[in-house]
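Enquirer: Show me the folded form of this:
(chains A and B)
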Amino acid sequence: MGEERQQSTLGRIITITSGKGGVGKTTTTANIGAALASLGRSVVLIDADIGLRNLDIVLGLENRIVYDLVDIVEGTCKLRQAMIRDKRLNSLYLIPAAQTREKDAVSPQQMRTLCEELRRQFDFTLIDSPAGIEQGFRNSIAGADDVVVVTNPEVSSVRDADRIVGLVEASELPTPRLILNRLDPALVRRGDMMSVDDVTDILAIPLLGVVPNDETIVTSTNRGEPAALDLESRAGQAFRNIAARLNGEDVPFMVLEEPDGAWRKFLRTIGFRGNRSEPVRGKGAS
Amino acid sequence: MAERYQGGNDQVRVRGTRDGLVLRLPPEAPLPTLLGLVRGSIDGGGEFFQQSELVLDYGTRVPNVEEIVALRALLEERGVRLRTVISSNPRHGEMLRSWGYQPLRIVANGGFDDAQETNQPQSTDAERTALYVRRTLRSGSSVRSDGDVVVVGDINAGAQVMAAGDVLVWGAIRGTVHAGIDGDFGAIICALRLTPTQLRIATIFARPPDQRDTGPDIPLVARVHNGEIIVEPWRPDRRGARS
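Expert: Numbering: from 1, shown residues only, chains lettered A, B, ... in the order given. Next comes the predicted model:
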């Protein structure tokens, strides 16, 4: 299965994480993986969420699982036996999580060893991190070259992403890049949702991509068909753009703002920020 | 410890102490007389008071906010900064403290003892040390210092900074900052952007109004004024922001 890539260069290990659960890590991993594979790169996805596996479902590969990640590190099976080839893309593989075990079934050192092995066989190894900041997260970044943080434009999700960025920086990995998932331009325009600027202002890390909120994601995820393969899907387009950026291409960001969004943007650039109320004060202070 | 007397019992007495100049007020004199006395001793002191700061010692005199405000205005007019107001009556001391004037020496019982030479929480500017943090403090990180804290970067929501002295942030404060943790009501918190979760100075807490907004994009200073934390624009013409 290493035949897809040239042996001359080593592949990259990228961990997709978020801190908070439910922001779309697994969907993001599946879609970026599918998009990279459709660009002709060899890709393996690792579901590091041991005990709560999902990535197989999103890819529609659930019924093909025989061995899993824990079987590999425990030596129950050979690496290639646990790798499931995608049913649509022949350069995309999945290493599923064990469903009946827990996070401590794998150690950071075992993850590093596995990543070094996969690096020789694949252009991209994408690790779908579990939510949280405990061992599952630490395992998932142990062997990584790069970290991608997924967040939604909401305060709690950004707060957790911030915590993750701090932990990644502390572990001497390069500054993570950001995917802002489920942005609704109409809500942003009404001032009811954090904008891209609001989020990047707080997190202060490079933006890898913005994925618009898209109902078709729900159906494609349930059907096990990544939206990235659906040329009609807006979210799918965003994931394809992200994949292309990871592949080293310079892809401009999608225009998500609606017509008068440009006006708002202009106002922002000249420093207009709307009416503001008073800053912090103790009660009744003058 | 040089002592310099400027008169008898009904006079304002000026002392040079380790804590700087201390102006002892007469116990009885009414406000107009008092203002005249203070004005006289400062103007009479010539350059001695120029650009200095001093401590008002109420002694046995009953403190009164209006009076302090008037005295502070008078001092400011003459380029003298009011560092704090103290009293030799512990009950008055407590009162002053609740107005934001911290005692010079805090002792175990929460009062203070003007005569005690040890246990000094206030250090002179030359002795102050600052913890210099040149990165953004993200959610979950915490910094604590026995001196001041200088952050070049942001303090994000979920992060916490605690300092015995001041906290200066060349960036945005979005998290919780506690200055003067050991009881220094004179501590200040300043930032280029101030949209904190909560601010604390000594024992006083403040949070932003519930209808959260991003606040003005101008440097702000938080300090204690009349027992409450107030936030005001940083004015380069009034350095130090204590008044």
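
Enquirer: which residues are contacting the helix or strand hosting B:Ile68?
Expert: According to DSSP states H and E, B:Ile68 maps onto helix B:65-77. Contact partners of helix B:65-77, identified using C-beta atoms under 8 Å, 6 or more residues apart in numbering or on different chains, comprise B:31, B:34-35, B:38-39, B:42, B:54, B:56, B:81-82, B:85, B:99, B:101, B:226, B:243. (Glycine included, C-beta is placed from N, CA and C.)

Enquirer: Quick one: the strands in chain A, in order.
Expert: Along chain A, counting by DSSP state E, strands occupy A:12-17, A:43-47, A:84-85, A:92-95, A:124-128, A:146-151, A:177-183, A:207-212.

Enquirer: ok, the third one: who's next to it in the sheet?
Expert: In this case it means strand A:84-85. Paired with strand A:84-85 in the same sheet, following DSSP bridges, are strand A:92-95 (antiparallel).

Enquirer: again, but for the second one
Expert: According to DSSP bridges, strand A:43-47 forms sheet pairs with strand A:92-95 (parallel), strand A:124-128 (parallel).

Enquirer: can you put those strands in TSV and add mean pLDDT?
Expert: Formatted as TSV, the strands paired with strand A:43-47 follow (pLDDT from 0 to 100):
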stretch	mean pLDDT
strand A:92-95	98
strand A:124-128	98
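
Enquirer: want to throw these into CSV with mean neighbour count?
Expert: Below are those laid out as CSV (neighbours: other C-beta atoms under 10 Å in any protein chain shown):
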stretch, mean neighbour count
strand A:92-95, 27
strand A:124-128, 27
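
Enquirer: how about the closest residue to A:Pro185 other than its chain neighbours, what does it touch?
Expert: Closest residue to A:Pro185 apart from its sequence neighbours, by C-beta to C-beta, 6 or more residues apart in numbering or on different chains: A:Leu256 at 4.6 Å. The neighbours of A:Leu256, taking C-beta under 8 Å, 6+ apart as the test, are A:183, A:185, A:210, A:212.

Enquirer: Against A:Ala34, how distant is A:Leu256?
Expert: Distance, A:Leu256 to A:Ala34, by C-beta to C-beta, to the nearest Å: 22 Å.

Enquirer: pLDDT weak spots in the chain?
Expert: Picked chain A for this. A:1-8, A:257-286 (pLDDT under 70).

Enquirer: could you do chain B instead?
Expert: B:1-10, B:15-20, B:44-51, B:104-126, B:211-215, B:237-243.

Enquirer: all helices for it, in order.
Expert: B:31-44, B:65-77, B:90-98 (DSSP state H).

Enquirer: and the gap between A:Asp86 and chain B?
Expert: In this view, A:Asp86 and chain B are 36 Å apart by C-beta to the nearest C-beta, to the nearest Å.

Enquirer: Next, that residue: phi, psi?
Expert: Per-residue torsions, A:Asp86: phi -60, psi 150 (degrees, to the nearest 10).

Enquirer: so what's the closest residue to it other than its chain neighbours up against?
Expert: Distances taken as C-beta to C-beta, 6+ apart put A:Leu92 closest to A:Asp86, at 3.9 Å, once the chain neighbours are dropped. The contact partners of A:Leu92, by C-beta under 8 Å, 6+ apart, come to A:33-34, A:36-37, A:43-45, A:85-86.

Enquirer: Rebuild these as CSV, extending it with neighbour count.
Expert: As requested, the contacts of A:Leu92 are exported to CSV (neighbours: other C-beta under 10 Å):
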residue, neighbour count
A:Gly33, 33
A:Ala34, 27
A:Leu36, 29
A:Ala37, 27
A:Val43, 27
A:Val44, 26
A:Leu45, 33
A:Arg85, 14
A:Asp86, 21
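
Enquirer: For chain B, state which of the contacts of A:Leu256 is nearest.
Expert: Within the contacts of A:Leu256, the smallest distance to chain B is 18.7 Å, found for A:Leu183 (C-beta to the nearest C-beta).

Enquirer: And stretch A:93-101, end to end?
Expert: Start to finish, the residues bounding stretch A:93-101 are 22 Å apart (C-alpha to C-alpha, to the nearest Å).

Enquirer: mind checking how far stretch A:13-25 is from the chain centre?
Expert: Between the centre of stretch A:13-25 and the centre of its chain there are 5 Å (C-alpha atoms, centre = their mean, to the nearest Å).
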